[in-house]
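S.K.: Sharing a model prediction with you, sequence too.
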Number of protein chains: 2
Amino acid sequence: MKTVSRVINKEPSVRKKTYDIVMEAVNELNYQPNLAARNLAGTSSFTVGLVYDNPNAYYVIDMQNGVLSRCKDEGYELVIHPCTYTDANMEADFITMIKRSRLAGLVLTPPLSEQSSITNLLDELNIHYVRVLSGRPTDDDQDTCIYVNDYKAAYEITTHLLTHGHENIGFICGDKEHKSTSERLEGYKAALADHNTQFNNEFVYDGKYSFESGVEGAKALLADNNKLAITAILGGNDEMAAGALFASRLMGIAIPEQLSITGFEDSPFSRQTWPKLTTAHQANDVISQHAARLLFTKTRGARNQDKDIITSFTPSIVIRESSGPKQ
Amino acid sequence: MKTVSRVINKEPSVRKKTYDIVMEAVNELNYQPNLAARNLAGTSSFTVGLVYDNPNAYYVIDMQNGVLSRCKDEGYELVIHPCTYTDANMEADFITMIKRSRLAGLVLTPPLSEQSSITNLLDELNIHYVRVLSGRPTDDDQDTCIYVNDYKAAYEITTHLLTHGHENIGFICGDKEHKSTSERLEGYKAALADHNTQFNNEFVYDGKYSFESGVEGAKALLADNNKLAITAILGGNDEMAAGALFASRLMGIAIPEQLSITGFEDSPFSRQTWPKLTTAHQANDVISQHAARLLFTKTRGARNQDKDIITSFTPSIVIRESSGPKQ
DNA sequence: AGTTAAAATGACAACGCTGTCAACAAGCTA
DNA sequence: TAGCTTGTTGACAGCGTTGTCATTTTAACT
């Protein structure tokens, strides 16, 4: 019985022959270890949690599916934990979750993953976690963070527009509190600087990552456009870009002939507009898979190390019909 | 110890005084029963599964949140199980899930919940389940099904258009294989009949519940519109309605002045179009809450019966700016 | 008060695994 | 070959609950 446990857990010091015999029986009986028993008996748990407060359903589903696919492979169970980090009950909810099922660890997704109040709480509770963050990797956090390099992606998408002759490029920002907003804005600024183009604060509109704020943003930026002479708008995400697209159309502006518009994230949104959006593809399912893998290696300690984990992702530009050369 | 167990499980034959003492300690220590141990020891399990194959992220998130909120209240754990019912591994995946964590039961969501191959499999495996289905309630399935009366909602939304003077009403259908498609079409037909309006098959376009098929549908229905003289289009869901809206705008048709468009479901989609869509609000979170409650009562047997479960929901019409009187 | 039934509580095994530690087998050295 | 080390396997307890059944307490009667 204990030997079977050793085989299942890929522990060393099982003879090859014994291993084969056990595996044959496992396959024949389609044996699956009982998770409840494993969680109860073992020192480490086979349950991980995914915590999110992002209201974007597409994003959440992608993150879930990525983590889930790794969980399936590795025999882990996933507990999903939607929440709002402003909620007064947040702390109590965390503790309830942790007490009910002992967790191997948590995957935290943005924007909640940016809150130090949460990481402090988890540190206190001695809970492992991996954070998905918008930003550029630093040296020290390589084993607890997965970075999405929004800075670089914004740099590249801005460069794409600049090399197509655009100089007056509007930027519709997301929520100021989100790290992704400042990262994307910095990337935009850096690209301008590297192409000897003057940054103009009037080209920046403070949006809220919502469709409606994209509509408002485009209206604001394009109102009396003789002044700013904007020929391209960079949306902070696909929803706002879609909003900008819609507003432009209402104003009778032809896309991409008179105005180029780009999005960010490559959510289904970017393909449900006409023309389809040029955007930066963010492989959220892959990102979350790696987050899960990183968490697994942390909790399993030295054994079964997974060396191919990517901790920094850069969204790649997808050029579609909403952007073109300046005319 | 056993007495605490009795209090936690609200079993009878615990003296009021004892109950209070235990509860006081429970509150003081913020005691939470360990789920793994409960699942292992008890005859019934505290884990339910949510199975879905619907590609609509908004829908899935709503269903998850509804089930999850009940699970939290009742101390259950949720295992999410995305799948595709055409997948050859589906059966094996189910069995793996069931063996890994003994389940109290499953909540099945459409369109997968319509597949008898799945319910047959679960019957064989002796797994409890509750299905969410599009359709009108029948007498026999009241304790295993939650119905969403798409028929009636489509009837009402069609009536809304009819009473606003529209007679030539286009209908963009969803996938033919989905029950919701035929239910909604039947409701549309019934409303026409009750208002002495001739049903015309040329007014019906076979879409696929996607934005693009909505675009195509509107184009097809409105092409050479002198012939059909369509003044309103009923979208089979919000995505297709949004597509139809977009196509109409490209064709220079004013909404709602020249054409009324309605959606179905009231997903965020319907609020991200301009004008916002008149649609039928489907309270997916409430629906899935009731599905979870129904499942709980099934597995708990006679004790803790929940009598206020609604097993039939009718989406309610939300009138927004995309529809108006015929002009 | 004495008897009996009913209600409330407690003792203990069991759920299906894993961790610990003891026992045994195999390979090595002298 | 004995004597050692290392590698491999097995016996057994325990994880935190619940189900079963025995025991104690309370209530309801003569």
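M.R.: On my side now, so go ahead.
S.K.: okay, now A:N54: neighbour count?
M.R.: If you count neighbours by other C-beta atoms under 10 Å in any protein chain shown, A:N54 ends up with 17. Backbone N, C-alpha and C define where each C-beta goes, glycine included.
S.K.: try the one 3 residues further on
M.R.: In terms of burial, A:A57 registers 20 neighbours under the definition other C-beta under 10 Å.
S.K.: Show the pLDDT at whichever residue of the stretch 51-200 of chain A sits closest to DNA strand C.
M.R.: At 8.9 Å from DNA strand C, A:G75 is the closest residue in the stretch 51-200 of chain A, using C-beta to the nearest atom of the strand. As predicted, A:G75 sits at a pLDDT of 92.
S.K.: for A:L68, same thing?
M.R.: 97.
S.K.: and if you look at A:V48?
M.R.: pLDDT at A:V48 comes out at 96.
S.K.: That one: helix or strand, and which one exactly?
M.R.: Per DSSP states H and E: A:V48 is located in strand A:47-52.
S.K.: quick one: the strands in the stretch 201-327 of chain A?
M.R.: A:204-206, A:232-235, A:260-262, A:279-281, A:312-313, A:316-318 (DSSP state E, counting those that start in this stretch).
S.K.: hang on, the earlier thing: now the residue of the stretch 51-200 of chain A closest to DNA strand C: closest residue in space, sequence neighbours ignored.
M.R.: A:F46 (6.3 Å; C-beta to C-beta, 6 or more residues apart in numbering or on different chains).
S.K.: Now do that neighbour: how many residues are near it, please.
M.R.: Neighbour tally, A:F46, other C-beta under 10 Å: 24.
S.K.: correct me, but it touches A:N39?
M.R.: Yes. Counting by C-beta atoms under 8 Å, A:F46 touches A:N39, with 5.8 Å between them.
S.K.: what sits against A:E216?
M.R.: Applying C-beta atoms under 8 Å, 6 or more residues apart in numbering or on different chains to A:E216 gives the contacts A:205, A:207, A:243, A:247.
S.K.: Can you confirm whether the strand holding A:V48 lies near DNA strand D?
M.R.: No. Applying C-beta under 7 Å from any atom of the strand, one finds strand A:47-52 out of contact with DNA strand D, separated by at least 13.9 Å.
S.K.: in that strand, what counts as buried?
M.R.: Neighbour-count burial for strand A:47-52, counted by 16 or more other C-beta atoms under 10 Å in any protein chain shown, picks out A:47-52.
S.K.: which one of those sits closest to A:L161?
M.R.: A:Y52 (31.4 Å; C-beta to C-beta).
S.K.: Flag the shaky bits of chain A, pLDDT-wise.
M.R.: For chain A, applying pLDDT under 70 flags the ranges A:300-305.
S.K.: list the contacts for the most centrally placed residue in it?
M.R.: Closest residue to the average C-alpha location of chain A: A:N284 at 5.0 Å, with C-alpha atoms, centre = their mean. Listed by C-beta under 8 Å, 6+ apart, the contact set of A:N284 reads A:59, A:62-63, A:66.
S.K.: Just send those back as JSON lines, with secondary structure, distance to DNA strand C and neighbour count too.
M.R.: Shown next, in JSON lines, are the contacts of A:N284 (DSSP: H, G, I helix; E, B strand; the rest coil; distance: C-beta to the nearest atom of the strand, whole Å; neighbours: other C-beta atoms under 10 Å in any protein chain shown):
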{"residue": "A:Y59", "secondary structure": "helix", "distance to DNA strand C": "34", "neighbour count": "20"}
{"residue": "A:D62", "secondary structure": "helix", "distance to DNA strand C": "30", "neighbour count": "21"}
{"residue": "A:M63", "secondary structure": "helix", "distance to DNA strand C": "27", "neighbour count": "26"}
{"residue": "A:G66", "secondary structure": "helix", "distance to DNA strand C": "25", "neighbour count": "24"}
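S.K.: Now tabulate those residues in a markdown table and tack on distance to chain B.
M.R.: Output for these, formatted as a markdown table (distance: C-beta to the nearest C-beta, whole Å):
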| residue | distance to chain B |
| --- | --- |
| A:Y59 | 9 |
| A:D62 | 8 |
| A:M63 | 11 |
| A:G66 | 11 |
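S.K.: For A:A292, state which of those is nearest.
M.R.: Nearest member of these to A:A292, counting by C-beta to C-beta, is A:G66, at 7.0 Å.
S.K.: Can you tell me, leaving aside adjacent residues, what's nearest to the closest one?
M.R.: A:S288 (3.1 Å).
S.K.: Could you measure from the one you found over to A:N65?
M.R.: Separation of A:S288 from A:N65 (C-beta to C-beta, to the nearest Å): 8 Å.
S.K.: who has more neighbours, these two?
M.R.: Neighbour count, other C-beta under 10 Å: between A:S288 and A:N65, A:S288 has more, with 26 against 15.
S.K.: for DNA strand C, what are the nearby residues on chain A?
M.R.: Looking at DNA strand C, the residues of chain A close enough under C-beta under 7 Å from any atom of the strand are A:1-2, A:5, A:8-9, A:31, A:33-34, A:37-38, A:40-44.
S.K.: From the residues you listed, pick the one nearest chain B.
M.R.: A:L40 (4.4 Å; C-beta to the nearest C-beta).
S.K.: need the contact list for the closest one.
M.R.: B:34, B:36-37, B:40.
S.K.: And chain A, what are its domain boundaries?
M.R.: A:1-32, A:44-149+A:284-313, A:150-282 (automatic domain parsing).
S.K.: any idea which of those is most buried?
M.R.: domain A:150-282 (a mean of 21; mean count of other C-beta atoms under 10 Å in any protein chain shown).
S.K.: Start and end of it, how far apart?
M.R.: This stretch, domain A:150-282, spans 9 Å end to end (C-alpha to C-alpha, to the nearest Å).
S.K.: contacting residues for the residue of the stretch 101-250 of chain A found nearest chain B?
M.R.: Per C-beta to the nearest C-beta, A:F211 is where the stretch 101-250 of chain A lies closest to chain B, at 4.2 Å. For A:F211, the contact set (C-beta under 8 Å, 6+ apart) comprises A:239-240, A:242-243, A:246, B:271-272.
S.K.: Throw these into TSV and include distance to DNA strand D, thanks.
M.R.: Formatted as TSV, those follow (distance: C-beta to the nearest atom of the strand, whole Å):
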residue	distance to DNA strand D
A:E239	44
A:M240	47
A:A242	49
A:G243	49
A:F246	53
B:R271	44
B:Q272	46
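S.K.: Return the member of the contacts of A:E216 nearest to DNA strand D.
M.R.: For the contacts of A:E216, the nearest to DNA strand D is A:G207 (47.2 Å; C-beta to the nearest atom of the strand).
S.K.: With distance to A:L133 as extra columns, can I get the contacts of A:E216 in a markdown table?
M.R.: As requested, those are exported to a markdown table (distance: C-beta to C-beta, whole Å):
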| residue | distance to A:L133 |
| --- | --- |
| A:Y205 | 25 |
| A:G207 | 21 |
| A:G243 | 26 |
| A:A247 | 31 |
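S.K.: Restricted to helices, list those.
M.R.: A:243, A:247 (DSSP state H).
S.K.: want to throw the contacts of A:E216 into TSV with distance to chain B?
M.R.: TSV is the format used below for the contacts of A:E216 (distance: C-beta to the nearest C-beta, whole Å):
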residue	distance to chain B
A:Y205	18
A:G207	14
A:G243	8
A:A247	8
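S.K.: from the middle of its chain, how far away would stretch A:262-276 be?
M.R.: Counting by C-alpha atoms, centre = their mean, to the nearest Å, stretch A:262-276 is centred 17 Å from the centre of its parent chain.
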